[in-house]
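J.: The sequence isn't on hand, but the structure is:
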């Protein structure tokens, strides 16, 4: 397994530090069971993975992960994520539709979250411990629902065309 000091062929798995966590980066390969050994031997705390199909069952074996960047355009359900209760940093690059419910309450340690908005992500508005939130395509015309995010220090939107008012900003 290559490390950040080595030059890697494009797409090869490598271990690198990201957001302060030792991260296994799987840009094109998807999951292979042999990566479990790498995670343990390299003391990997986070995973950045592109999943080319609908298979996320491998995440059930990675419950100690503190960080996850998941690029998964074919995924149709995300409930497996809820087993990752140690997550502090989560990025979900998934589709807007179909609705894919996630109980963000399962992530009591979550500090940083990046998501493409999905109607199944309603529970994100109850994540009081969140410190940083990036949301692509926010769902509302104002900021009222974000007021419950009492720990929020940074809020970023992309493609916020629905946002028409800053009502609720005073609660942030």
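T.: Ah, there it is. Because the structure is a prediction, the values reported are computed rather than measured.

J.: Okay, residue 49 and residue 170: tell me how far apart.
T.: 39 Å (Cβ to Cβ, to the nearest Å). To be clear about C-beta, it is placed using only N, CA and C from the backbone, and glycine gets the same treatment.

J.: go on, residue 34?
T.: In terms of Cβ to Cβ, residue 34 sits 52 Å off from residue 170.

J.: what's the answer for residue 42, then?
T.: From residue 42 to residue 170 the distance is 45 Å (Cβ to Cβ).

J.: just residue 80 next, same as before
T.: With Cβ to Cβ as the criterion, residue 80 and residue 170 are 38 Å apart.

J.: For the strand or helix carrying residue 135, which helices and strands make contact with it?
T.: If you go by DSSP states H and E, residue 135 is part of strand 132-136. Secondary-structure packing of strand 132-136 (3 or more Cβ pairs under 8 Å, 6 or more residues apart in numbering; DSSP states H and E): strand 112-116, strand 154-158.

J.: now the first one against strand 132-136, angle please.
T.: The reference is to strand 112-116. Calculated by axes from the mean of the first three to the mean of the last three Cα atoms, to 10 degrees, strand 112-116 forms an angle of 10 degrees with strand 132-136.

J.: mind listing the helices for the protein?
T.: 35-41 (DSSP state H).

J.: what ranges of it fall below the confidence cut-off?
T.: Residue ranges of the chain with pLDDT under 70: 1-11.

J.: quick one on the thing from earlier: which of residue 49 and residue 170 has more residues huddled nearby?
T.: Between residue 49 and residue 170, residue 49 has the larger neighbour count (other Cβ atoms under 10 Å), namely 23 against 8.

J.: Might you report the residue contacts of that one?
T.: Contacts were defined as Cβ atoms under 8 Å, 6 or more residues apart in numbering; by that measure residue 49 touches 24-26, 30-31, 68-71.

J.: and those as a markdown table, adding distance to residue 146 and neighbour count?
T.: Output for the contacts of residue 49, formatted as a markdown table (distance: Cβ to Cβ, whole Å; neighbours: other Cβ atoms under 10 Å):
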| residue | distance to residue 146 | neighbour count |
| --- | --- | --- |
| 24 | 32 | 21 |
| 25 | 31 | 21 |
| 26 | 32 | 22 |
| 30 | 34 | 15 |
| 31 | 34 | 21 |
| 68 | 23 | 20 |
| 69 | 23 | 20 |
| 70 | 23 | 19 |
| 71 | 25 | 16 |
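
J.: ok, the closest residue to residue 61 other than its chain neighbours - how many residues close by?
T.: Among residues not flanking residue 61 along the chain, residue 36 sits closest, at 6.7 Å (Cβ to Cβ, 6 or more residues apart in numbering). For residue 36, the neighbour count with other Cβ under 10 Å is 14.
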